[in-house]
Each structure stands twice: as structure tokens, then as C-alpha cells.
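# Could you look at this predicted model? Sequence included:
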Amino acid sequence: MARYFTRRLIQMVVLFLVFITLTWFLLYALPGDIVAQKFAGNPNLPPEARQIAIDRLGLDKPLHVQFADYMINFFQGDLGRSFNQYPREVTSIIGERLPRTIVLFLTALVTYYWAGFIAGKYLAWRRGKRGEMAITVGGVGLFTVFYPWFALVMIWLFAAQLGWLPISKFLDPGEWRQAPFAANEVFMRLFWTVAITSALLFTAQIVAGKLRDIRMARLARFGGTAAVIAGFIYYWWVLPAGVEMRVYAGDIAEHLLLPVGVLTAVNFAGIMLLTRSSMLETMSEDFILTARAKGLSEKAVRDKHAARTALLPVTTSLVLAVATVLDGGIITETVFSWPGMGEILVTSVVSEDIPVAVAAFSFIGVLALVGHFVVDMLYGVLDPRIRVSGSS
Amino acid sequence: MTDLIERPELPDETPERALDDAVRHDSLWRIRWTLFKRSFQGNWKLFKQNKVGIAGLVIIGMWGILAILPTVFFATGYWTNSVYNPVTGLERNPPTVTVTLVAEKTDPLTEIDLRDLILDQRIPQDLQIGESFDRPLQPAPPDSRHWLGTDPLGRDIMSQLMHGARAAFGLGFIAATVTVLIATFVGSVSAYFGGALDSFFMRLADLLIMIPALAVLIVLGAIIRFELWHLALVIGLLGGFGGTAIVLKSQALAVKVKPFIDAARVAGGSHSHIIFNHLVPNVMPLSFLYMMFTVTAAIQSEATLSFLGLLNVKTSWGLMINLANTEGYLLQGGTYWWLVFPAGLAVTLLAAAFFLVGRAMDEVINPRLRRR
């Protein structure tokens, strides 16, 4: 496992270097590129201003020197300054937006993966019954729906027509005018509490699964869940630090609901269909027949024997899905004006703000790489066959 | 050689009989054609059982007809270019609504003449309170001349929709062909030779499936003014060297260990002979399947990019939604349904149709998925 881990880590670093090199050459170094058009070759600038821009950006240096400079600065954490919001450093823009994208991305990934797996499980089990066709067609419809349009229609339905949820953006500026907190501070607090809660819930489930004694397992499952949720409520409703922030945190959470919901609705069908075919393959195996012959209940056969085996190919697809969710995230952020990496990528590309575009693109790449890495590791834990072949 | 073996006579007009004849007369292309026809008939029989796949084919056929129709309409003079051109057409006599001036003409507080502020120049300047006038209505709802109404610029939605279908088909076809050509070649070659070549192509594929494709397309859109066929080519390259190559390689690996490959090698077949005459034909069915999925992806990427305004196209479904969105009609949903729903549903339907056909083909190719 340790060797597999190191090998994948090295692979990841190499891939990232290749990726950032390509990005840099595409955006900074192509002849007649945007930076040159904007400054060095722009006839509308006075010659002195042009000279200053060339000096500052190092445009007169040879390419390899420019590239080396960029790479050294990149790994020292200096990504330059934005062209459009001039004195602002790119790192501060990224630092503000990266957590927001990660939250959207992680919440959506977990929700839709879980929803898709559950739905696919039932779909395969009820094969040939009524409703299967309807769910399949509905799922495929959602899976292939034109995503930006679907998101806009959902905004129209839930925000404009029904008025249940806010239309877009990260928070409601009117409510925040008197706020004693910075939005990011509240957001990070929200992020950490939710992250810790989910981690504890997950641990409780794992511990409950490991326990042999049924009564102890049940106690661990329900007691643990209740305790963790009680802790969450205690933090936000009883502790003074939580109580005074709760309104603002609630506002952010409310703005998060629709984007995550839409992202889940569009993506869960892919997982559902995959789980269905994986389950169908598993269900024709002999050990399912054996389990039935032993007289196990249908639920036990489905959940303990079929579904667990069927989970493996679905996890592989999660590796591929990381990129899909990030793609969906770009559209979601643009349509919902959610100020994250995807939104800044589109905005900076359209307004030719190259330093920001390069940084946003590299960080989306990092997110994809890290996501893949984590899922690969998870897969190694889940499937012993891979673990063995990896460590030998 | 036909005289050496005694054969039973087969009944006329069956594929078996034709194959038998072909083998007797030793003509290679006839054998191949008959084999192809036979496998096609068998597969079609399996495909037909899947209602969902047939539904997909019907939808694709319907859009195909819609894509051809404008040519017929323009040729027969049923549509005139000045009105129905998807880009420059304009309905000059739109329906009108009667508007009555009820308010003060000047704002009582600031004493600004409100009519100066009205952007719509079609309101007459000397209108008095209580008087009414006919204001041209654009976007206009559907009527007999414009089956799906007009957009805010007075252009026919139906015509835009049909031309959009044409763009989608062209794009999907190019992207899918490029993907499958590259992926089949890369997959077969790396499965056949293995080694460094294989590692190189597979690491490249890993890189490509990891990076979100839309982000790449957006960044590329910043550098190049994307035309439609540029986009098709880029999607084809990304898919062909990316995920599709991995899938086709695993299929080619399964074929490579079959005895007939060894037989071909023993018989003295060269590498290129084995790859192109034995490996590729056996990977082909899966390639066709991935063509369908590529078309789905290509149609959606195109619509998304033109929705974001990063694509240099004249008519496309994404552009129609972009216009409806930027002009603010999208959030009024039901009122201007002809601006909101046709284009969005068009993308969804065509993408779904190709996806459904792909899934139905999947069941034909992969027997384990079939209903037993």
C-alpha cells in the first residue's frame, strides 16, 4: 500500500508539472498571444507605458527564462497580479474562491454518488416491474439534459416562481450589511463544522459495521449518529460563538441548496444506470443463488451480497466522475453566480485576464488530480485485489 | 477445391446459402459482405427488441428530417431568405399590441420627460394621455407564419432550430469520427505492441481524462476564435486519446489473446496486417458504441460553449438559449415559453437520443446486459 501510495504520488506530481507547463505555453507563450496583444504589441499604449509593461512582465526575455521565472514564482506562491482587478494578487483571489468550489464539489459528489447508488440498487432489484421504464427514461433525460438550460429552468421554478430559494450568488448582500463578520470567516466555520460532522457520522457507521454484537452495533449506529447530530446542533444553537453567526451561516447554506440540488439531479442518473448494470451482472452470479437458498431475507441478499460486490465498478466510475463534477461545477458556478474557481475561470477567460485564468485553470487541474488520487486510494482500500497487485 | 468436399444443398435465398456459395466460388469480398450482412441482421434483430433504442433512432430520424427541411423550404420558395434566414432574417410585420398611455409624461419629482428614457423608439413622441397606439410585438408568440414564434430580434425560432440541428449533426459526426479513428488505432496498437508505446499512450489518456474537458475547452476558447469544426476536432482529439482509447485498448487486449491472432502470426502475417485485418475489425463494434456517446458529449459541449459565448458560430441551440438568457426572458419562463423551451429541449432530446441508441447497442454487444 505504501509503495502504491508513493508511486501514485510521484505520478501525480509529474502529471501536474506536465499540465502546468502546457498551460503556461498555451496561454503565455504562443506567438501573438493575448498578453502580447494587450501590452507589448498594443499600438494604443504610449511607448513608455508599453516599455514599462514589457519590463514588468519580462516579455523581452527569452521564453525559457520567462518559463523558469514563472515556475519559480509559482512554487513560491506568487502567481502575479490580476490585470483587471489590478493591484490585487492572484493568490488572494484564489484563496478566497477555492474553498467555495471545494464545498460545492465535495457536497455534490457525495450526494449524487450516494443517491445514484441507492436508486440503481432498487432499480436493478425491481427489474421488469412497473416504474422501471419511467425511472430509466427520467434518469437518462436528466443525465443528457442540456445542463445550463436545466439550471436556469430550475432557478426560474424554485427561485422566481415558487420563491423558496434565493436566485443566485453566494449570500444576500442586504442581510449582510450590518454583519459583524467577514463572509469568508462564517463560511470557513460552516465548512469545518459540516466536515467534522460528516467525518464523525462516517466513523460511527464504520465502527457499527465492525461490531459483532448486533445490539452493540445498533447502539453504535443510532447512538453515534444521534450524538454527532446533537453536537452539531449544540454548536450552532447553544454555544454563543455559533448562535451569533447562525443567521449568516444559514444564509450561505440556503444559497448552497439549489446549486447542489441541481448538480445532484443531473449527475446521479449516470451512477444509477451504472449501479443497475453492475447489480444485474452480480445478481446472475452463483453466490446470490446460494444466499437465497440459505434462506436469507431479500433485503440481506440485496444489501449485503449483491450491492457490496456491485459497488466496485461504481467506485471506478467515481474516478472518472471527478472530472465531470468539476465540469458541471464550472457551469453551475457561472449560472448561479457562485463565486468559485469555475466562475472566475470563465470570467477571466472572457475578459482576457490571463494571470487569473492560468491560476484558476491550474487549480482546477490540482483539484482534479487530488480528487483522482483520493478516489484511487479509496478504491485500493475497498478492493483487496487491487491492493495486492499494487503492493507486490 | 469445391469438388473435393461433398456438401448438402442448402435452401435458396438464405444467408447460409449465400455464404456457402461464396466459399465455393472463393471470392473474398463476397464472403465478407455476406458475413457482414448476416451479423447485421442478427444484431438488428437484437436491437429491435429494445424499445428505448428504437425510440432514440426515431428521434434522431426526426431531427434529421428537420435538418433537411429548410433546404426544401428555401428551394420551393415557401420560406424567403429575408424573413426566415436564421441569422439575418427579420419579420417586418410582427403582430402588435395596443398600448395606452396612462401615466404622466414627465416625472413629477425630477421633471424629466419619461419618453426620453424609453429605449423603444417605436413609441410616438407626441402621444397624449389616454391615447393609444399599436406597438409591434417582438418576441412574437407562435402563429401560422412562425410556427414557434420569433426571438427578440424578430428572427424565426423554427428556422434557427432547424439550422441548429444541422450544426449539431455536423459537429457530432466529425467529433465522433475523429474520436473513433484515433481511439481504435491507439487502442489496437498499444494493446498489440505493449511496452513503452502502451505506457506512453495510457499515461496520456490518464492525463486527458483527469483534466475537466470543459475547462480545457474554455481556456482554448481564449486563445483561438473557435469555429465549429475546430471544436469538433478538439473534442475528437480529447476523446480519442483519452477515455475511449482506454476502453478500446482493453477490448483489443481481450481480442489479442484469441487463437486466431496466433494463427495469423504463424501464417506469416505482418504486424500491420494483423492489426488492421484481425484486431481492428473485432474492436469495431465497441467503437461504434463509443461513437454514439461521443456525439452526445459533443452536442452538449457545443451548446455549453456557445451558451457561455466562447464559440464563433452563427446559429446554434446554445446561442438561442444565450440570447434568451441575456435578454432576460429566461426567468419569465412560462410567458415566453417559445424562447425558453424549444432550444433547451432540442439539445436534451438529440443528446438523449444518441445516448439511448448507444445503450441499446451496448446491450447488443454485451450479452450479459440482456434480459434473460
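Received, thanks.

# tell me the SS of A:G163?
coil (DSSP: H, G, I helix; E, B strand; the rest coil).

# Tell me, how many residues neighbour whichever residue of the stretch 51-200 of chain B sits closest to chain A?
Of all residues in the stretch 51-200 of chain B, B:V52 sits closest to chain A, at 7.3 Å by Cβ to the nearest Cβ. All C-beta spots, glycine's among them, are computed from the backbone N, C-alpha and C. B:V52: 17 surrounding residues under other Cβ atoms under 10 Å in any protein chain shown.

# Same question for A:K169.
A:K169, neighbours per other Cβ under 10 Å, totals 12.

# and the gap between it and chain B?
In this view, A:K169 and chain B are 14 Å apart by Cβ to the nearest Cβ, to the nearest Å.

# Local confidence estimate at that residue?
On pLDDT, A:K169 comes in at 76.

# same thing with the one 10 residues further on?
pLDDT recorded at A:A179 is 72.

# Could you pull up the contacting residues of it?
A:Y248 (Cβ atoms under 8 Å, 6 or more residues apart in numbering or on different chains).

# Then B:H163?
With Cβ under 8 Å, 6+ apart, B:H163 has these contacts: B:P70, B:P86, B:T315.

# buried residues in the helix or strand hosting it?
B:H163 is part of helix B:157-193 when elements are defined by DSSP states H and E. Applying a neighbour-count criterion of 16 or more other Cβ atoms under 10 Å in any protein chain shown, one finds B:157-169, B:171-172, B:174-180, B:182-192 buried in helix B:157-193.

# Buried residues in the host helix or strand of A:V194, which are they?
Per DSSP H and E: A:V194 is located in helix A:183-210. Going by neighbour count (16+ other Cβ under 10 Å), the buried part of helix A:183-210 is A:A183, A:V186, A:F187, A:R189, A:L190, A:F191, A:T193, A:V194, A:L200, A:L201, A:A204, A:A208.

# what pLDDT does the residue of the stretch 51-200 of chain B closest to chain A get?
pLDDT at B:V52 comes out at 79.

# got the residues of the stretch 151-300 of chain B near chain A?
B:203, B:206-207, B:209-215, B:218-223, B:243, B:296, B:300 (Cβ under 8 Å from any Cβ of the partner chain).

# So which of these are in helices?
Using DSSP state H, the subset of those located in helices is B:203, B:206-207, B:209-210, B:213-215, B:218-223, B:243, B:296, B:300.

# Mind giving me the ChimeraX command for buried ones among these?
To isolate the buried members of those in ChimeraX, using 16+ other Cβ under 10 Å:
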select /B:206,207,209,210,213,214,215,218,219,220,221,222,243,296,300
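
# Now B:K314, what are its backbone angles?
Torsion angles at B:K314 (phi, psi; degrees, to the nearest 10) stand at phi -90, psi -50.

# so it sits right up against B:G89, yeah?
No. Using Cβ atoms under 8 Å, B:K314 is not in contact with B:G89; the gap is 11.8 Å.

# out of the two, which sits in the more crowded spot?
Taking other Cβ under 10 Å, B:K314 and B:G89 do not tie; B:G89 has more neighbours (19 against 13).

# Name the SS class of that one, please.
For B:G89, the secondary-structure state derived from three-state DSSP is coil.

# which residues touch it?
B:G89 is in contact with B:N81, B:S82, B:V83, B:G154, B:R155, B:D156, B:S159, counting by Cβ under 8 Å, 6+ apart.

# Now, those that are in helices?
Using DSSP H, the contacts of B:G89 in helices are B:N81, B:S82, B:V83, B:S159.

# check which helix or strand covers residue 250.
Defaulting to chain A. helix A:240-283.

# not quite, I wanted chain B
helix B:243-256.

# Pull out the buried residues from the helix or strand following that helix.
The helix or strand immediately downstream of helix B:243-256 is helix B:259-266, counting by DSSP H and E. Within helix B:259-266, the residues that qualify as buried are B:I261, B:A264, counting by 16+ other Cβ under 10 Å.

# okay, the angle between helix B:259-266 and helix B:157-193?
Here helix B:259-266 points in a direction 60 degrees away from that of helix B:157-193 (axes from the mean of the first three to the mean of the last three Cα atoms, to 10 degrees).

# in the following helix or strand past helix B:259-266, what's buried?
Sequence-wise, the next helix or strand downstream of helix B:259-266 (DSSP H and E) is helix B:271-274. For helix B:271-274, the neighbour count (16+ other Cβ under 10 Å) marks B:I274 as buried.

# elements contacting helix B:271-274?
Judged by 3 or more Cβ pairs under 8 Å, 6 or more residues apart in numbering or on different chains; DSSP states H and E, the packing partners of helix B:271-274 are helix B:157-193, helix B:259-266.

# near chain A, which residues of the stretch 1-150 of chain B?
B:V52.

# The stretch 1-150 of chain B: strands as residue ranges?
Along the stretch 1-150 of chain B, counting by DSSP state E, counting those that start in this stretch, strands occupy B:96-100, B:132-136.

# returning to what we had before: selection in PyMOL covering whichever of the ones in helices among the contacts of B:G89 are buried, please.
Remark: buried members of the ones in helices among the contacts of B:G89, expressed as a PyMOL selection using 16+ other Cβ under 10 Å:
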select buried, chain B and resi 83+159
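
# now the ones in helices among the contacts of B:G89 as a markdown table including pLDDT and distance to A:P173?
Formatted as a markdown table, those follow (pLDDT from 0 to 100; distance: Cβ to Cβ, whole Å):
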| residue | pLDDT | distance to A:P173 |
| --- | --- | --- |
| B:N81 | 77 | 49 |
| B:S82 | 78 | 47 |
| B:V83 | 78 | 45 |
| B:S159 | 87 | 42 |
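
# which two in the ones in helices among the contacts of B:G89 are spaced the farthest apart?
B:S82 and B:S159 (12.0 Å; Cβ to Cβ).

# picking that back up, reformat the buried residues of helix A:183-210 as CSV; add pLDDT and distance to A:V314.
Compiled in CSV, the buried residues of helix A:183-210 are given as follows (pLDDT from 0 to 100; distance: Cβ to Cβ, whole Å):
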residue, pLDDT, distance to A:V314
A:A183, 76, 37
A:V186, 81, 35
A:F187, 81, 31
A:R189, 81, 34
A:L190, 82, 30
A:F191, 81, 27
A:T193, 83, 29
A:V194, 82, 25
A:L200, 86, 25
A:L201, 84, 21
A:A204, 82, 23
A:A208, 77, 22
